[in-house]
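# Predicted model and sequence follow; I will ask about them next.
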2 protein chains.
Amino acid sequence: MIALTFVSKSQLAQVVIPVFIDDRLHDYVMKAKTYDLVPNSIHSKFDVDTSEFTDGNIEQQLSSDKNAAIVTYCYRGRRAQFAANRLKAMGYTDVVNGKNVAYIMSSLCQDDNVLIRQLYEKESSTYSYIVMDKASREAVLIDPVVETVERDMEVLNGLNAKLLYVLNTHVHADHVTGSGKLKQILNSRNDDSNIVKVQSVISKASGAEADIFVSNGDTVNFGEQVLTVKNTPGHTPGCVTYLLNNNSHAFCGDTVLIGGCGRTDFQGGDPNTLYDSVMNNIFSLPDETILYPGHDYKGRTCTTVGEEKLNNERLTKSKEEFFDLMVKRFDGSSYPKKIDSSLPANMKCGVYEL
Amino acid sequence: MIALTFVSKSQLAQVVIPVFIDDRLHDYVMKAKTYDLVPNSIHSKFDVDTSEFTDGNIEQQLSSDKNAAIVTYCYRGRRAQFAANRLKAMGYTDVVNGKNVAYIMSSLCQDDNVLIRQLYEKESSTYSYIVMDKASREAVLIDPVVETVERDMEVLNGLNAKLLYVLNTHVHADHVTGSGKLKQILNSRNDDSNIVKVQSVISKASGAEADIFVSNGDTVNFGEQVLTVKNTPGHTPGCVTYLLNNNSHAFCGDTVLIGGCGRTDFQGGDPNTLYDSVMNNIFSLPDETILYPGHDYKGRTCTTVGEEKLNNERLTKSKEEFFDLMVKRFDGSSYPKKIDSSLPANMKCGVYEL
């Protein structure tokens, strides 16, 4: 039985037979054919009720060696489990349920080949992040700011990066996103339809406009790297955290800030929801996971789950204490300076047309 | 023959016999006994003129298995080569010259167990760096700023770090170093002589006061991690770069900035010297080496050797063009705002008494 952690995609295809169960092609995997994400995948339909492969030819596609390692996976992980059981009953001895697409993709990736570049915007103390697959140079940009778009493009050019997606963790109230401006500049450079257009990504729950909407469990793929979406509502209802590969890094927007968290008194924010998001989806990550926040006002650049679980002034409290503290601290007044211009603009990728 | 790269210190001690040549104990290895840096080292004097071990008992200390792997090392690497040759002549078949202390120490270290935390000071756009060995929590702080000392201490506390050394890359002209203030606060906390005092480190060539003076090839050791000092004069005569472990990261102060470099028109600066420093000691590093600069004025946080070799606006020029450009750009006027107060203070670790 091979361990799924820390093998590359090409290694996996060499040592095991990946079997993708169910052929519905979903938009949620960024319009890529899901089963193609793992090279040399065998693709088969499976009927959970009868526990049978319904394509009929699965045995012809599999190795005649019944001891060859097989990994099954599907979108959610349920069918893959039934299919793994069925394969075992058919005499295959080394079958593992690779669970869902996000799990198998993230467990296949290492960080050796990823470059993370943190960028800072002084006025709103906002952090943006370039994450690039070094081999293919395919990259994403998380939470850009409209004022620093030129700087970001310069860094991307310096890295010879191919920007595929501009992601937002949420609809920001304190600055205007650079998504629309970046798309406008980069996508108008060339009308050659062979050149991949930059696409904007935001959560479905945000209610904002974008090219691609994501929700819990979806993946954003660039080169061999994977960002997995976790819903982490509370600061706003549409907040998400993007988890890199094996949960080595989490881009958590304003859900967790260093020593604190985003406020919860406007934009549909809710202290109890934020508390649950953090406890269930962020503090449940390994202590070593590096948290990259949306802001810091003291010049600190990142933190870890372990540090925040020990030191966070708000999120080390009980849920009740946290609620009282947030309600007292943020009473719905003293809104961010730019909220009136930021919110409507950010609902449309920063005012600019898509 | 074992490869020296990417084995841990404890692994090394298991698979080879490390032999440290020459017993002079030098201050330059941070007052640690040099030969103890590699566990289970055998320690022997060696006379280069006669090419003989002068302790007499080297064969009794070595394994009776003449095929056991042996690594020799010394301070500079010269004696270690002669000693390796002598051991081969004595019939030992698997002897490698581990070169000098810095080389062997850095080649033994991986970055898996190191934490780097970048910190930003807004007014002077200065970056400081905490570098910590995760296992022992021993840490150094590079280029702190006096105004952000409390913030730095808070982060160190949050990491449960034991600060051993405060390093400066050079005598800064634009801000006052936090070295003295940090020492003052941390060392006065407790009079227990068992608690290790924080020591300040700067290059001998800087002419500034400090507890420990370093120069080319010296190492700063904390836990299993090693910073190796490279002289990189030019911005000032005393500028050094601290290289982490296998040259994965270089803390280069103002010698190379992202897309540029430090000015060279005061404090004994010299464009030709800076150019040579960069070409010989920084651009000669692997393209993947991450460069952590002393400043950035555009909110960028780091760069790589490869990017600067391609994109640096000044350092991609010829030496002659670079000289002309620097002389024209910096004519000795418009000094940094704080130069008159910073320079005398920084000669003494930031005014405060050592």
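Okay, I see it. Numbers count the residues shown, from 1 in each chain, chains lettered A, B, ... in the order given.
# The stretch 1-150 of chain A against chain B: which residues are in contact?
The stretch 1-150 of chain A has residues A:117-122, A:148 near chain B, with proximity defined as CB under 8 Å from any CB of the partner chain. (Each C-beta comes from the backbone N, C-alpha and C, glycine too.)
# Max pairwise distance over the residues you listed: which two?
Taking CB to CB, the two most distant members of the residues of the stretch 1-150 of chain A next to chain B are A:Arg117 and A:Lys122; they sit 17.1 Å apart.
# Settle it for me: which of those two has more neighbours?
Applying other CB atoms under 10 Å in any protein chain shown to A:Arg117 and A:Lys122 shows that A:Arg117 carries more neighbours, namely 23 against 15.
# Quick check on that one: phi, psi?
Reported as degrees, to the nearest 10, the phi and psi values for A:Arg117 are phi -130, psi 110.
# Who is it paired with across the strands?
A:Ile130 (DSSP bridges).
# and which of the residues of the stretch 1-150 of chain A next to chain B is nearest A:Val71?
The nearest member of the residues of the stretch 1-150 of chain A next to chain B to A:Val71, counting by CB to CB, is A:Arg117 at 33.0 Å.
# Is the closest one in contact with B:Thr301, as I believe?
Yes: in this structure, A:Arg117 is within contact of B:Thr301 by CB atoms under 8 Å, at 7.0 Å.
# Tell me which residues touch the closest residue to chain B within the stretch 151-300 of chain A, please.
Residue nearest to chain B within the stretch 151-300 of chain A (CB to the nearest CB): A:Gly299, separated by 3.5 Å. Counting by CB atoms under 8 Å, 6 or more residues apart in numbering or on different chains, A:Gly299 makes contact with B:119-122, B:148, B:151.
# if you set the cut-off to 6 Å instead, what comes out?
By CB atoms under 6 Å, 6 or more residues apart in numbering or on different chains, A:Gly299 lies in contact with B:119-121.
# closest to A:Glu307 among these?
In terms of CB to CB, no member of the contacts of A:Gly299 lies closer to A:Glu307 than B:Leu119, at 14.0 Å.
# Could you chop chain A up by domain?
Per automatic domain parsing, the structural domains of chain A span A:9-108, A:110-346.
# worst average pLDDT in those?
Mean pLDDT is lowest for domain A:9-108 out of those, coming in at a mean of 73.
# contacting residues around stretch A:233-247?
Against stretch A:233-247 from outside (CB under 6 Å, 6+ apart): A:106, A:109, A:111, A:169-170, A:203, A:205-206, A:226-232, A:250-255, A:262, A:267-270, A:273-274, A:277, A:285, A:289.
# Strands of the stretch 201-350 of chain A, start to end?
A:212-214, A:219-222, A:225-231, A:240-244, A:249-253, A:290-293, A:303-304 (DSSP state E, counting those that start in this stretch).
# JSON lines please, covering the ones you listed and showing mean neighbour count and distance to A:Pro336.
Shown next, in JSON lines, are these (neighbours: other CB atoms under 10 Å in any protein chain shown; distance: least, CB to CB, whole Å):
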{"stretch": "strand A:212-214", "mean neighbour count": "21", "distance to A:Pro336": "25"}
{"stretch": "strand A:219-222", "mean neighbour count": "22", "distance to A:Pro336": "27"}
{"stretch": "strand A:225-231", "mean neighbour count": "25", "distance to A:Pro336": "23"}
{"stretch": "strand A:240-244", "mean neighbour count": "26", "distance to A:Pro336": "20"}
{"stretch": "strand A:249-253", "mean neighbour count": "27", "distance to A:Pro336": "15"}
{"stretch": "strand A:290-293", "mean neighbour count": "23", "distance to A:Pro336": "16"}
{"stretch": "strand A:303-304", "mean neighbour count": "23", "distance to A:Pro336": "22"}
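# quick one, which of these is nearest to A:Asp55?
Proximity to A:Asp55 (CB to CB) singles out strand A:219-222 among those, at 25.0 Å.
# Which neighbouring elements make contact with that closest one?
strand A:225-231 (3 or more CB pairs under 6 Å, 6 or more residues apart in numbering or on different chains; DSSP states H and E).
# quick one: the strand it packs on to strand A:249-253, angle?
Strand A:225-231 runs at 40 degrees relative to strand A:249-253, counting by axes from the mean of the first three to the mean of the last three CA atoms, to 10 degrees.
# check contacts around the closest residue to A:Met326 other than its chain neighbours.
Counting by CB to CB, 6 or more residues apart in numbering or on different chains, A:Met326 lies nearest to A:Pro271, which is 4.0 Å off, once chain neighbours are set aside. Contact partners of A:Pro271, counting by CB under 6 Å, 6+ apart, are A:264, A:323, A:326.
# Quick check on those: which are buried?
Buried members of the contacts of A:Pro271, counted by 16 or more other CB atoms under 10 Å in any protein chain shown: A:264, A:323, A:326.
# What sits closest to the second one if chain neighbours are left out?
Meaning A:Phe323. Using CB to CB, 6+ apart, the closest residue to A:Phe323 is A:Pro271 (4.7 Å).
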